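K.L.:
Below: sequence and its predicted model.
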Amino acid sequence: MPSTQKADLYRARAVVALCRERLAARGAARAGTTLALLVAVGFAAAAVMLRLADGTEARLEGLTSGAAPWIAWLAAAPLALAAAEDRAALDRRDGVEALAAARGVSPAGLESARALAAMTAIARSVGAPLVTLALLTAALAGRGAVALHRAADAAGALVFAVAVGVTVGGTAAACSRVGRARGRWLLAAVMVAPWALSDLAGRGGWSIPGALDALRIFVFGGAGA
């Protein structure tokens, strides 16, 4: 890879990392991430207690799937709301836009970095506790076949986390770009209104939250649904 391409890749990664850190630094985002971790710890403690009480016959298959919606909502919602703010105005005010321009990053490149930062921040905040919980249940298995089955839940957790990051983070970034100062209201309208209406119509999957829940049930094989 030519040195100029390496330099461009390094700059792009640095800008994405900066945008991601700015999202994660918001108080609500920190609180949401902490609560998601506490949920994972609670489910992990339940897994350990079940293992101690029931031995190798303990049924832990539904724990990861059951924890997934709680972790996703708690971790993703505050980050999505932060990403849906007028990030362009905030970056301009805080000098991020000028810093990016001085490093050779175009406005369009900075916009893309914001979107990628929202996606990766949400995917990480959901995936880290969820994958760890799945691996813990695998470690508590008494038989190899059961351990492999539960380890597959870790792959499912990763798929689910990436899907949440891409859909929710991408939607939040788009709402920020289109709605600007009203980006959070636009995000609420895009996410919540179709969810409520489709649920009333008995078509829960016809919304982003409903589709993600359907994916959760699919990747975990219906456990904990």
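P.N.:
On my side now, so go ahead.

K.L.:
Distance of Leu90 relative to Pro69?
P.N.:
30 Å (Cβ to Cβ, to the nearest Å). Every C-beta, even on glycine, is put in place using the N, C-alpha and C of the backbone.

K.L.:
My read is that Leu50 contacts Ala58, right?
P.N.:
Yes - if you go by Cβ atoms under 8 Å, Leu50 and Ala58 touch, sitting 4.4 Å apart.

K.L.:
where in this structure is pLDDT low?
P.N.:
Under the criterion pLDDT under 70, the flagged ranges of the chain are 1-3, 204, 222-225.

K.L.:
for it, what spans make up the helices?
P.N.:
3-24, 27-54, 63-83, 87-93, 96-102, 107-139, 144-164, 170-179, 183-200, 208-219 (DSSP state H).

K.L.:
centre of the chain versus the fifth one, how much separation?
P.N.:
In this view, helix 96-102 has its centroid 27 Å away from the chain centroid, taken as Cα atoms, centre = their mean, to the nearest Å.

K.L.:
packing partners for it?
P.N.:
With contacts taken as 3 or more Cβ pairs under 8 Å, 6 or more residues apart in numbering; DSSP states H and E, helix 96-102 sits against helix 3-24, helix 87-93, helix 107-139.

K.L.:
could those helices be laid out in TSV, adding mean neighbour count?
P.N.:
Putting these into TSV (neighbours: other Cβ atoms under 10 Å) gives the following:
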stretch	mean neighbour count
helix 3-24	15
helix 87-93	17
helix 107-139	22
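
K.L.:
Can you lay out those helices as TSV showing distance to Val164?
P.N.:
TSV is the format used below for those (distance: least, Cβ to Cβ, whole Å):
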stretch	distance to Val164
helix 3-24	15
helix 87-93	20
helix 107-139	5
